[in-house]
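>>> Attaching a predicted model along with its sequence, questions to come.
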Amino acid sequence: MNEEVLEKLKKAVREYNVEEGANWATKVVEKRIDPIKALDVLTKAMREIGDGYDRGEFFLPDLIGAAEVAKSILPPIEEELKRRGREKKSKGTIVAGTVFGDIHSIGITMVAALAKADGFDVIELGVNIKSEQFVETIMKYKADILAMSALLTTTAPEQKKVIEVLKRENLRDRVKIAVGGGAITEDFAKDIGANGYAPTAPLGIRLFNRFIGVQ
Amino acid sequence: MKGFIRNFKPLEILTDEQIEVIHRAALDVLEETGIRFEHERGLDALEKNGCQVDRDNMRVRIPADLVEECLRKCPSSFHVKARDPKNDLRLGGNTLYFEASCGMRTVDLDSWEVRSATKSETVDGLKVLDVLDNVHLLSPYCPYYGFEGVPEVMKVPEMVAAKMRHTTKVQMTGSVKDSEIFNIKMAKAVGCDILGLVNASPPLTFYKDAVEAIFRYAEAGSPFHVSSGAGMGSTGPTTVVGSTITNNAEIIAGLVLAQLIKPGTRVWAGNFVTATDMKTGAPAFGAIANSLHQVIFNQIWRKYGVPTWTGAPAFSNSKKVDFQCGYEKGITAILAAVSGVSVIIMHGGIYGELAFHPVQAIVDDDIAGMVGRFIEGVEVTDETLATELIEQVGPIPGYYLNKAHTRKWWRNENFVPNVADRLTYPEWIEKGKKSALEYAKERMEQILAKHEPKSLSKDQDKEINEILKEARMYYKQKGLI
């Protein structure tokens, strides 16, 4: 019976069915199934889609669709974990946003959703975020990782600005910095002193995991 | 500038009924869903003219009769004044013009890596574009987005000034941080029109600076285009006709405001809807879905009687001047042309707006020439039918190469490319096995060695400098320099 519920949860992710995801997550709680098992099923299903994306079998609409199901599954499961006094340790806190002057959001939203599904806490700041706001949020939430997106060649320099502000405030060593977006390259990331660059959302999640020492 | 005159019925892939359904759906979006205009004065103007305005979320609902009335006020063709009258344009009707594209950077033709252009490369790029036969106008920040040593916020005004100085062809210009204030002044100083460009932000939104630009261009009497370019499947529906509806609604909203500000404003509709590459999320330049969208766009806007512009052929997804670049630009350009677009932006762009190179512009000029020749079609007259000649020549050993008719007509029927490899095989071996790319490089050197564009008068040049100085002061006061 329990296996059946977990199978249905997996199927909801595979079929991008947000309603079914929420339903079966609630059933996990009702049937008193170990919520950790549900989280494992979710993580595995998300990884399969991420791997499929890398192989060229799945595409962005599939990634986003799965991420939205994950978003609907997580709240009841996390609530149950809290109730059982077994709050799942977050892998780390990520502050994510698109830099000042840039209003592109699809990429960073996907990164945030996939990171949440992968077990990170994510503070999503949105778009057009000034360096001061990134820094304040990092301090407030004691973030482990800063993820910045820039889609325009004219706004990419903002990423360097944020890093410089962090250095000035003696906070640079407190966060690992990941940069991405259409205007960003590996070389640019190195030049501005970021810790890493990822060209796609799934590779971004891998980068975050490397930052925290998880393979 | 004559441009190319389309001499046959344009390609239409939808029935009149299907077009009507799409048109009605766009009207419904405007009347029921509405457009967000982040601009108080814009909202006031729309509300005053019968639109329902929700100030809390800046949403405007535009009634169908106002849409129809404003579309009627858009001129179906209009004159655009260049610095040299021989380069004046008549936009609209059956005329096709080609517009030079632009790029953030230039590109190294060996490593294919991009870098900032120098001022001298900018001038060289403009010299080449000034000469190319099938470049009728220049795009915003063409050829490059500023050159080395220019502060970010001055890039648009400096490029407008560079184009004023180094070419007499009409230029279009973008609006970045109020740059249109200075663009309009420079055009007045030189005594020519400047084509403005206003972009909606899909889905269904106009940001403050775009609406401000509509006011500035309309009040100054400058012609401009309202364009929009959703990513199908990201900022517009993934279906071509779905994105036709949203794109139309976005553009129509801008044109309505323009006509309310000043009836009869010279406007045209610009389309750069692009499929989304579902692997990267980036625009899928060169995709065939872009052409499906463009062809339908042209059919609808021809029904509205408004001239059209297409961004699709400007950009191939290739980072090089190569086979992919050729077929993507070629296919996209010919489809846009045969379906009746008024302006095709194409020359010189490499991978989106990442880069420009004059060598690319030179090979693109041959594509433009081919496409232009095609849409001019053929004449069917006694002379072209040549029935008397056919009778006279008869079967073998008769032949046509030595006939007066051939001498008279062969140039008319053919477009002879400037840089394509047209040699026979033995000649090709003997002359060094060159490709079109190599011939284009040679042509660039020849143009740069010989051509001097008509310069501005001393007074005009002085005034341009004054306006640039004014722009620098303006941006300094805003803390942007």
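Arrived safely.
>>> can we go C-alpha only for contacts and neighbour counts from here?
Noted.
>>> check contacts around A:Gly97.
A:Ile108, A:Glu124, A:Leu125, A:Gly126, A:Val127, A:Asn128, A:Ile129, A:Phe134, A:Ala147, A:Met148, A:Ser149 (C-alpha atoms under 8 Å, 6 or more residues apart in numbering or on different chains).
>>> switch to 6 Å and redo it
Neighbour list for A:Gly97: A:Leu125, A:Gly126, A:Val127, A:Met148 [criterion: C-alpha atoms under 6 Å, 6 or more residues apart in numbering or on different chains].
>>> any idea which helix or strand comes after the lengthiest helix in chain A?
For chain A, the longest helix by residue count, based on DSSP state H, is helix A:60-83. Using DSSP states H and E, the helix or strand that directly follows helix A:60-83 along the chain is strand A:93-99.
>>> Quick check: the residue most central in space within chain A vs chain B, distance?
Per C-alpha atoms, centre = their mean, the C-alpha nearest to the average position across chain A is that of A:Ala115, at 2.0 Å. According to C-alpha to the nearest C-alpha, to the nearest Å, A:Ala115 and chain B sit 18 Å apart.
>>> cool, A:Lys71 as well?
Distance, A:Lys71 to chain B, using C-alpha to the nearest C-alpha: 20 Å.
>>> re the thing from before, output the contacts of A:Gly97 as JSON lines; include the columns neighbour count and pLDDT.
Formatted as JSON lines, those follow (neighbours: other C-alpha atoms under 10 Å in any protein chain shown; pLDDT from 0 to 100):
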{"residue": "A:Leu125", "neighbour count": "17", "pLDDT": "95"}
{"residue": "A:Gly126", "neighbour count": "15", "pLDDT": "92"}
{"residue": "A:Val127", "neighbour count": "21", "pLDDT": "93"}
{"residue": "A:Met148", "neighbour count": "25", "pLDDT": "96"}
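>>> export the lowest-mean-pLDDT helix or strand in chain A as CSV, just CAs?
Lowest mean confidence among the helices and strands of chain A (mean pLDDT, DSSP states H and E): helix A:106-117, at a mean of 85. Provided in CSV are the C-alpha atoms of helix A:106-117 (Å, rounded to 0.1, in the frame of the first residue of the first chain):
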residue,chain,number,x,y,z
ILE,A,106,12.7,32.4,-16.2
GLY,A,107,16.2,31.0,-15.7
ILE,A,108,16.7,31.9,-12.1
THR,A,109,13.1,30.8,-11.2
MET,A,110,13.9,27.4,-12.6
VAL,A,111,17.2,27.2,-10.7
ALA,A,112,15.3,28.1,-7.5
ALA,A,113,12.6,25.5,-8.1
LEU,A,114,15.1,22.7,-8.9
ALA,A,115,17.3,23.7,-5.9
LYS,A,116,14.3,23.6,-3.6
ALA,A,117,13.4,20.2,-4.9
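>>> ok, which residues in chain A are in contact with chain B?
Applying C-alpha under 6 Å from any C-alpha of the partner chain, we find that chain A lies next to chain B at A:Phe59, A:Leu60.
>>> Show me how chain A divides into domains.
A:2-83, A:93-211 (automatic domain parsing).
>>> What is the distance between the last one and the centre of its chain?
Its chain's average C-alpha position is 11 Å from that of domain A:93-211, according to C-alpha atoms, centre = their mean, to the nearest Å.
>>> Ok, the first one next?
Between the mean C-alpha location of domain A:2-83 and the chain-wide mean there is a distance of 15 Å, by C-alpha atoms, centre = their mean.
>>> Endpoints of that domain, how far apart?
Distance across domain A:2-83, first residue to last, is 20 Å (C-alpha to C-alpha, to the nearest Å).
>>> Stretch B:101-115 too?
Stretch B:101-115 has an end-to-end distance of 17 Å (criterion: C-alpha to C-alpha).
>>> Give the single residue among the contacts of A:Gly97 positioned nearest to B:Pro453.
A:Val127 (44.2 Å; C-alpha to C-alpha).
>>> Contacts for the longest strand along chain A, please.
The strand that spans the most residues within chain A, counting by DSSP state E, is strand A:121-129. Here strand A:121-129 makes contact (C-alpha under 6 Å, 6+ apart) with A:Thr93, A:Ile94, A:Val95, A:Ala96, A:Gly97, A:Thr98, A:Val99, A:Phe100, A:Gly101, A:Asp102, A:Ile103.
>>> do the same with stretch A:11-20
In contact with stretch A:11-20 (C-alpha under 6 Å, 6+ apart) are residues A:Gly21, A:Gly65, A:Ala66, A:Val69.
>>> next one: stretch A:73-93
A:Gly21, A:Ala22, A:Ala25, A:Pro35, A:Gly119, A:Phe120, A:Asp121, A:Val122, A:Ala143, A:Asp144.
>>> Distance of the nearest residue to A:Ile192 once chain neighbours are set aside relative to chain B?
Nearest non-adjacent residue to A:Ile192, counting by C-alpha to C-alpha, 6 or more residues apart in numbering or on different chains: A:Lys160, 5.2 Å away. From A:Lys160 across to chain B, the span is 16 Å (C-alpha to the nearest C-alpha).
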